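Asker: task: produce atomic coordinates for the following.
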Amino acid sequence: MKAPAAAIELLDLSVREFAERLADGRTAAGGGSTAAVVLAISAGLAGMAARASRDAWEGGPGAIAQADALRARAVPLVEADARVYAEALETLRSRDELDPGERDEAICQALSRAAKVPLAIAETGYDVAELASAIAELGSEDVRGDAAAAAVLAAAAARAAANLVVINLAAARADERVARARLLVERSAACARRALGPGA
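Answerer: Below is the predicted model:
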């Protein structure tokens with residue numbers, strides 16, 4: 001079982017180190033943190049495409065600012081997800097030590113908290129996919145492929161994170177966050193399709 005203390009320091013790792021720690025279980029990162037890394041990179045890619053479009057598109061400066069803000073929003077989610085994931089694992093690991101009357105409630109609460117960050121990743125993923133789609137459509141032709149790639153990556157991150165929301169809230173009946181997560185997946189996928197264009 002992964003230790004909660006390993007949830008921190010992820011942002012100081014190189015890509016190679018992150019991949020190695022993810023593979024060998026030396027960090028509390030899982031699917032959510034990985035989706036957040038992909039999302040932060042896709043926001044950076046959208047920012048690059050927006051900067052390359054600055055002179056060719058009047059919306060370029062605004063897109064640059066938006067991409068930078070979304071990247072700043074995505075980066076902290078890498079460690080935030082690892083932290084709540086570690087806390088949920090710790091609760092599940094210690095469930096036999098809990099009073100039987102409190103056990104189910106404690107587990108449900110831990111999983112509910114663990115769903116919060118993946119939902120934020122899915123929401124940010126949709127925002128990045130939407131922006132990248134606009135850049136692919138209206139930005140410089142030289143970087144439309146890069147903008148489309150950003151949209152596809154952001155939509156994939158949103159889908160992966162939304163799936164975690166659904167899993168964590170499986171025991172919660174009619175939780176509105178499940179419907180929200182599924183809607184974000186649909187909208188993100190639509191943005192990716194627009195960015196790729198017809199025939200893709």
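
Asker: any low-confidence regions in the protein?
Answerer: In the predicted model, the chain carries pLDDT under 70 at residues 1-8, 95-96, 98, 100-101, 104, 172-173, 199-200.

Asker: now with 90?
Answerer: For the chain, the stretches with pLDDT under 90 are 1-13, 18, 21-22, 24-29, 55-56, 83-114, 168, 170-175, 198-200.

Asker: could you pull out the helices for this protein?
Answerer: Assigned by DSSP state H, the helices in the chain fall at 15-24, 31-52, 60-93, 100-138, 144-168, 176-196.

Asker: of those helices, give the one that comes closest to Glu9.
Answerer: Glu9 sits nearest to helix 60-93 of all those, at 7.8 Å, using Cβ to Cβ. Where C-beta positions appear, they are placed from N, C-alpha and C, glycine not excepted.

Asker: mind listing what's buried along that closest one?
Answerer: 60, 63-64, 66-68, 70-71, 73-75, 77-91 (16 or more other Cβ atoms under 10 Å).

Asker: that one vs helix 31-52, what angle?
Answerer: Angle, helix 60-93 to helix 31-52, by axes from the mean of the first three to the mean of the last three Cα atoms, to 10 degrees: 170 degrees.

Asker: chain center to helix 60-93: distance?
Answerer: Centroid separation for helix 60-93 versus its chain: 7 Å, with Cα atoms, centre = their mean, to the nearest Å.

Asker: so what does the residue nearest to Pro61 when sequence neighbours are not counted look like in phi/psi?
Answerer: Leaving aside its sequence neighbours, Pro61 sits nearest to Arg54 (Cβ to Cβ, 6 or more residues apart in numbering; 6.2 Å). For Arg54, the backbone dihedrals (degrees, to the nearest 10) come out as phi -60, psi -40.

Asker: surely Ala106 touches Thr91?
Answerer: Yes. Using Cβ atoms under 8 Å, Ala106 and Thr91 qualify as a contacting pair, with a distance of 6.0 Å.

Asker: and the residue nearest to Pro61, how far from Leu153?
Answerer: Separation of Arg54 from Leu153 (Cβ to Cβ, to the nearest Å): 22 Å.

Asker: between these two, which is the more surrounded one?
Answerer: The neighbour comparison of Arg54 against Leu153 (other Cβ atoms under 10 Å) goes to Leu153, with 23 against 15.

Asker: what sits against the more buried one?
Answerer: Contacts for Leu153 were tallied using Cβ atoms under 8 Å, 6 or more residues apart in numbering; they are Val38, Leu39, Ile41, Ser42, Leu45.

Asker: in the residues you listed, which residue is surrounded by the most others?
Answerer: Neighbour counts for the contacts of Leu153, by other Cβ under 10 Å, peak at Leu39, which reaches 33 neighbours.

Asker: check contacts around that one.
Answerer: Going by Cβ under 8 Å, 6+ apart, Leu39 touches Ala74, Leu77, Ile121, Thr124, Gly125, Val128, Leu153, Ala154, Ala157, Ala158.
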